[in-house]
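**Q** make a model of this:
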Amino acid sequence: MTSEKTVIIPAFTGARKPSCLHVDLEARGISLKWGLCRHSPFGDHWKDRAMRRLYTSLLAFSTLASVAVSPTIAADLSVPKVMPVEAKAADPLIGFSFGSRYQTDYNFRGVSQSNLQGSYQTFFEAQFLNNFAYAGFATYQTRLPTRPDMEFDLIAGIRPTFGKFAFDLGILYYFYPNEQQVVLPGGTAFSTKNSDFYEAAGKMLYTATDALTLGTNVFFSPNFFGTHAISTYASGTAAYALPASLFPFLPEAYAGGFSLSSELGYFFLGAAKNSATGFNADIGRFNSINLPSYLYGNVGLSYTYKNIVLDVRYHNTDLTKTECAVFSGDFRQVTNGGTSKWCGDAVIGSITFQTSTAAPGIYAEPGGFLNLFREARRSDT
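**A** Just a heads-up that it's a prediction; the model follows:
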């Protein structure tokens, strides 16, 4: 780079005082100091000659400055510069995500899995190649007719992205350890011996705007809940981040974490064929009982603050209480006229604590977990 400084100071005064013209130039390491003074009381004719000399000196100076430019600099001036590619950190080969949740009811596609009671849940996921592939597990506290210790889910899949589209293609295995088959007096089987099953899942998310996300989901199983019924669940989702300006009554630190979300889906179910439907000796196989397909939807408000997510959500299906009893296997139908309340209207609250290597939240701060509360004190002052 070059620097150039030009200072021209004309100093023309009246008679008996010196009239002067000074020029200081500096460019590319070459300096020129030029000056002319004359003691003259006879006007300014000498100035014309001085300006001609100055022009000649400036022409010579510019020629010297151009010659002094090195070949490298000259090449840089003649060829447009190409800025270097910005340094980018390498994508992580492996990352982790984990957390825990408490729900006032574990609701699976509109049907209670915890007998309308609270459920403690945990989840863990390992993510590979910048979250392109993943594998993990989740645990759910359940209160099902077969009284398993819990629901233990194994998951694995890939998450390719293309612009505003994000896909999730995976497999889920639902495991219910230490189940006990429910047998009615007289030896009639009321439930299956094994509820384990798997689902193939496909999900797509489209980021319409910074605030609005739309999605679709499809789940398929050849043996839903151990009933040997073919099932397909398809749904659409939408989530909208609410602007902080809607909550002017909240401190700034708390006003930006609200969002609305909803899901509307339909569960297509085939015929159950297992020990609970009874073995038919005449045909040499289990009886078939059609499980009721149904419409399911939910809508809720969520609030995220650092690593905590609060959610309150309304769930509902179009199943009747009798259809709910057939689908859910609720054992209380034996004594209440063959009905169940597990599939009706439900307002469910949850609190989730989650973190990940990609978004550690408070764990990226020096104070760690304590910063969850420090921000609140700063906001109140």
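
**Q** okay, CA-based contacts and neighbour counts for the rest of this
**A** Fine.

**Q** residues contacting Ala126?
**A** For Ala126, the contact set (CA atoms under 8 Å, 6 or more residues apart in numbering) comprises 94-97, 134-136.

**Q** identify the farthest-apart pair in those residues.
**A** Ile94 and Gly136 (12.8 Å; CA to CA).

**Q** who has more neighbours, those two?
**A** It is Gly136, of Ile94 and Gly136, that has more neighbours when counted by other CA atoms under 10 Å, with 18 against 15.

**Q** that one sits in which helix or strand?
**A** For Gly136, the element it lies in under DSSP states H and E is strand 133-140.

**Q** can you name the next helix or strand after that strand?
**A** Criterion used, DSSP H and E; the element after strand 133-140 is strand 151-158.

**Q** which stretches of this protein form helices?
**A** For the chain, applying DSSP state H gives helices covering 45-67, 71-78, 321-328, 371-380.

**Q** lowest average confidence across the ones you listed, which one?
**A** Ranked by mean pLDDT, the helices of the chain bottom out at helix 71-78, with a mean of 44.

**Q** re earlier: so for the strand holding Gly136, mean pLDDT?
**A** In this model, strand 133-140 has an average pLDDT of 97.

**Q** what of stretch 96-115?
**A** Taken as a whole, stretch 96-115 has an average pLDDT of 96.

**Q** what does it contact?
**A** Applying CA under 8 Å, 6+ apart, the external contacts of stretch 96-115 come out as 116-127, 140-144, 296-297, 315-317, 328, 342-344, 348-358.

**Q** ok, now stretch 167-182?
**A** With contact meaning CA under 8 Å, 6+ apart, stretch 167-182 is reached by 145-161, 189-205.

**Q** ok, 6 Å please
**A** Stretch 167-182 has contacts (CA atoms under 6 Å, 6 or more residues apart in numbering) with 146-149, 151-160, 190-191, 193, 196-204.

**Q** quick one on the thing from earlier: helices and strands around the strand holding Gly136, which ones?
**A** Here strand 133-140 touches strand 119-128, strand 151-158, going by 3 or more CA pairs under 6 Å, 6 or more residues apart in numbering; DSSP states H and E.

**Q** switch the ones you listed over to a markdown table; also include distance to Thr322 and mean pLDDT.
**A** As requested, those are exported to a markdown table (distance: least, CA to CA, whole Å; pLDDT from 0 to 100):
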| stretch | distance to Thr322 | mean pLDDT |
| --- | --- | --- |
| strand 119-128 | 25 | 97 |
| strand 151-158 | 25 | 98 |
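
**Q** make a markdown table from these and add distance to Leu184 to it.
**A** Formatted as a markdown table, the helices and strands packed on strand 133-140 follow (distance: least, CA to CA, whole Å):
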| stretch | distance to Leu184 |
| --- | --- |
| strand 119-128 | 27 |
| strand 151-158 | 24 |
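
**Q** distance to Gly236 added to the contacts of Ala126, as TSV?
**A** Listed next are the contacts of Ala126 as TSV, based on distance: CA to CA, whole Å:
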residue	distance to Gly236
Ile94	30
Gly95	29
Phe96	28
Ser97	25
Tyr134	23
Ala135	24
Gly136	24
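
**Q** ok, so of those residues, who is nearest Phe279?
**A** For these, the residue nearest Phe279 by CA to CA is Gly136; the value is 37.4 Å.

**Q** is that closest one in contact with Glu125, as I believe?
**A** Yes. The criterion here is CA atoms under 6 Å, and Gly136 meets it with Glu125 at 4.0 Å.

**Q** ok, Gln141 - contacts?
**A** Contacts of Gln141 by CA under 6 Å, 6+ apart are 119-120, 150.

**Q** pick the one among these closest to Gly284.
**A** Nearest to Gly284 among these: Met150, at 33.9 Å, using CA to CA.

**Q** what about that closest one, how many residues nearby?
**A** Other residues near Met150 number 20, with proximity taken as other CA under 10 Å.

**Q** end to end on stretch 292-312, go ahead and measure it.
**A** Terminal residues of stretch 292-312 lie 28 Å apart, using CA to CA, to the nearest Å.

**Q** for stretch 141-150, same thing?
**A** Stretch 141-150 has its terminal residues 5 Å apart, counting by CA to CA.

**Q** same check, this time on stretch 195-214
**A** With CA to CA applied, stretch 195-214 spans 32 Å between its terminal residues.

**Q** how about that stretch: buried residues?
**A** Using 16 or more other CA atoms under 10 Å as the test for burial, stretch 195-214 gives 195-206, 212-214.

**Q** and those residues, which two are the farthest apart?
**A** Most distant of the buried residues of stretch 195-214, by CA to CA, are Ser195 and Leu212, 37.5 Å apart.
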